[in-house]
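Q: turn this into a model:
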Amino acid sequence: MTRLARRVAWALAAAVVIVAAGVATLIKLWPHGPARATPDFVPASWAQVRLTPEHEVHVGRGKIECRKCHDFEHDGFKNPGTAVCKGCHAKETGVAHHGGPSSSTDCLTCHAFAVGQAEPTCISCHASPEGNLSAIAQHAKVDCADCHHLHETPSIVPVACTGCHDERTTKHAEHAGSKGCLDCHRVHEPATVAKTTCASCHAQAAQPHPAAHAECTSCHEPHEFVASASACVGCHGAKATLAERDVPAHRACLNCHTPHAPGEAAGACVRCHENVKVSHGKAGACVACHAPHGDDATVVAASCTGCHAKVAASDTSAHAGGVACEGCHKPHAFGGLDEKSLCRNCHARETTLVASTQGHADCTSCHGASAVHAIAAPAPCGACHDAERKSAPAGHQRCIGCHEPHTGKPASTCATCHANKGGESHGNLPGGCASCHRPHGPGGVATAPTCTTCHAPATLAALHSAPGHAVCASCHASPHEPPRGDRPGCTAGCHADKRDHQAGAQVCTGCHVFRR
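A: Purely as a prediction, here's the structure:
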């Protein structure tokens, strides 16, 4: 091809480019609709670059010349990089969003200049975790610019949560230094994550919990925080509580149960009952006897024999059949009792009496070593007084028939049983019955003496000395009966021949005297 031909071809090609560019511009600016597809013979890259979002902002609306960013002479239309941005946007580039350590960003990351690059959104990058930032879950559809201003300082200016969540009011944030909702909620994390943040402020409450108490919100209303008054009953149901009818403090669960350690309620009794000193069983184990949530709230304490079954079958069968355990034992101080003092509480008369009698002062000497819990019939007196038992005549073996058991002293006289023996002169003797009789050995006369021991024949008066009257029993049938001086008595045996003598006389002793 000649030089002239080549020049003509170049001229025609340039004309085509110019015409194509003009047509493209007319198409873009044509009022009847959007730009049409670029003809095949026109370079497509120029038209596409011209219509990208940021070229539209800079060239279309801002009327900025291409050479402001592109160096035609040296690089043509190559990507000029981000250095040129500082020429117009010094402020913005100074506080730009630089991304994270693993995914740094620059102006071109967010501002689309390249062909085929749509204008990105924040969620395009933050739908997944970025460095130490969690993925945006909450507020993903809210305009980020409401809170984030990427080219300003500060870059984050959050709006009040109540602007959108006016249905929420909280008492939980009413304390010094509170950030309101942000105390618990992370702006871009799911709302449920807030349940796991309690321990950040409440480290003590975050200690191990009993079953079903692991989540704070099981009991605490999230935005009120104070546990609901019915929270315990909601899970545990209504329970019969010890003495709840008479003790209002027992009706509220939290008076005994610490919310974050409810199983330690057994030690809570002393908070209200500090004046009760317990020395029975394990110290402080009030619930061993007082069931907090027994089947019957009116039962104040468990039966003593529930633990002390070896002592008795029931709480009223340990002593004398009917005396309750607490009749002798103080409920909170069972041990350390002085048995003698204990007996005196009910048996004051008896304990006073035995004090004056040697050998009777110890109750157990007669009532046995188990007198307290298994009182039995008193031991027989003969166990200690064997000599007296063996020497007691018939009818006198029952010691307490004559002796008061606690003093051992006679409680009655012979006349109590032998009233018919005390009417005659022998009953009035200075020594009484003991002048002739002894109830038992070893002291006193073993057998009754003869009449002549006291009544010597030589000293007897009147007819006592007459022959035939020397035998006392002839007239005195019994030492305890008057002598027989009546007519039938005298004439029945010895004086039968005198039956008709003085028939009108009733007694012989009217004339025949035996006394001075």
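
Q: tell me who's in contact with Ser155.
A: Residues near Ser155 by Cβ atoms under 8 Å, 6 or more residues apart in numbering: 95, 97, 148-149. Every C-beta, even on glycine, is put in place using the N, C-alpha and C of the backbone.

Q: can I have the buried ones of these as a PyMOL selection?
A: Of those, the buried ones go into a single PyMOL selection, burial set by 16 or more other Cβ atoms under 10 Å:
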select buried, resi 97
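
Q: domain parsing for the protein?
A: Taking automatic domain parsing as the domain assignment, the ranges for the chain are 382-445, 450-516.

Q: using CSV, lay out those together with mean neighbour count, mean pLDDT and distance to Thr52.
A: Shown next, in CSV, are the domains of the chain (neighbours: other Cβ atoms under 10 Å; pLDDT from 0 to 100; distance: least, Cβ to Cβ, whole Å):
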stretch, mean neighbour count, mean pLDDT, distance to Thr52
domain 382-445, 14, 83, 122
domain 450-516, 13, 84, 153
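
Q: which of the ones you listed sits closest to His250?
A: domain 382-445 (47.9 Å; Cβ to Cβ).

Q: start to end distance for that closest one?
A: Taking Cα to Cα, to the nearest Å, domain 382-445 runs 21 Å from one end to the other.

Q: related to what we said a few turns ago, what's the most distant pair in the contacts of Ser155?
A: Among these, the pair separated by the greatest distance (Cβ to Cβ) is Val95 and His148, at 11.8 Å.

Q: for the closest residue to Pro190 other than its chain neighbours, which residues are in contact?
A: Ranked by Cβ to Cβ, 6 or more residues apart in numbering and with sequence neighbours excluded, the top spatial neighbour of Pro190 is Ala137, at 5.0 Å. The neighbours of Ala137, taking Cβ under 8 Å, 6+ apart as the test, are 188-190.

Q: adding secondary structure and pLDDT, write those residues out as a markdown table.
A: Formatted as a markdown table, the contacts of Ala137 follow (DSSP: H, G, I helix; E, B strand; the rest coil; pLDDT from 0 to 100):
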| residue | secondary structure | pLDDT |
| --- | --- | --- |
| His188 | coil | 90 |
| Glu189 | coil | 88 |
| Pro190 | coil | 88 |
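
Q: if we can go back for a sec, export the domains of the chain as TSV, with columns for distance to Ser279.
A: Shown next, in TSV, are the domains of the chain (distance: least, Cβ to Cβ, whole Å):
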stretch	distance to Ser279
domain 382-445	33
domain 450-516	65
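
Q: so which of these is nearest Val157?
A: domain 382-445 (99.0 Å).

Q: what about the residue lying closest to His148 once chain neighbours are set aside, how many neighbours?
A: Nearest residue to His148, sequence neighbours excluded (Cβ to Cβ, 6+ apart): Ile156, at 5.8 Å. For Ile156, the neighbour count with other Cβ atoms under 10 Å is 10.

Q: same question, Cys184
A: Counted with other Cβ under 10 Å, residues neighbouring Cys184 total 22.

Q: what's it in contact with, if anything?
A: 172, 194, 197-198, 222.

Q: which members of those residues are positioned in helices?
A: Among the contacts of Cys184, DSSP state H puts none in helices.

Q: from those, which is closest to Cys161?
A: Of the contacts of Cys184, the one sitting nearest to Cys161 (Cβ to Cβ) turns out to be Ala194, at 12.2 Å.

Q: distance of the closest one from Pro331?
A: 50 Å (Cβ to Cβ, to the nearest Å).

Q: let's have the contacts of Ala137 in TSV, adding neighbour count.
A: Below are these laid out as TSV (neighbours: other Cβ atoms under 10 Å):
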residue	neighbour count
His188	17
Glu189	17
Pro190	11
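
Q: neighbour count winner among Ala194 and Pro331?
A: Comparing Ala194 with Pro331 by other Cβ under 10 Å, the one with more neighbours is Ala194, at 18 against 15.

Q: and the more buried one, what does it touch?
A: By Cβ under 8 Å, 6+ apart, the neighbours of Ala194 are 184-186, 222.

Q: again, but for Ala231
A: 218-220.

Q: for it, give its distance to His280.
A: For Ala231 relative to His280 (Cβ to Cβ), the value is 35 Å.

Q: ok, now His367?
A: His367 is 25 Å from His280, by Cβ to Cβ.
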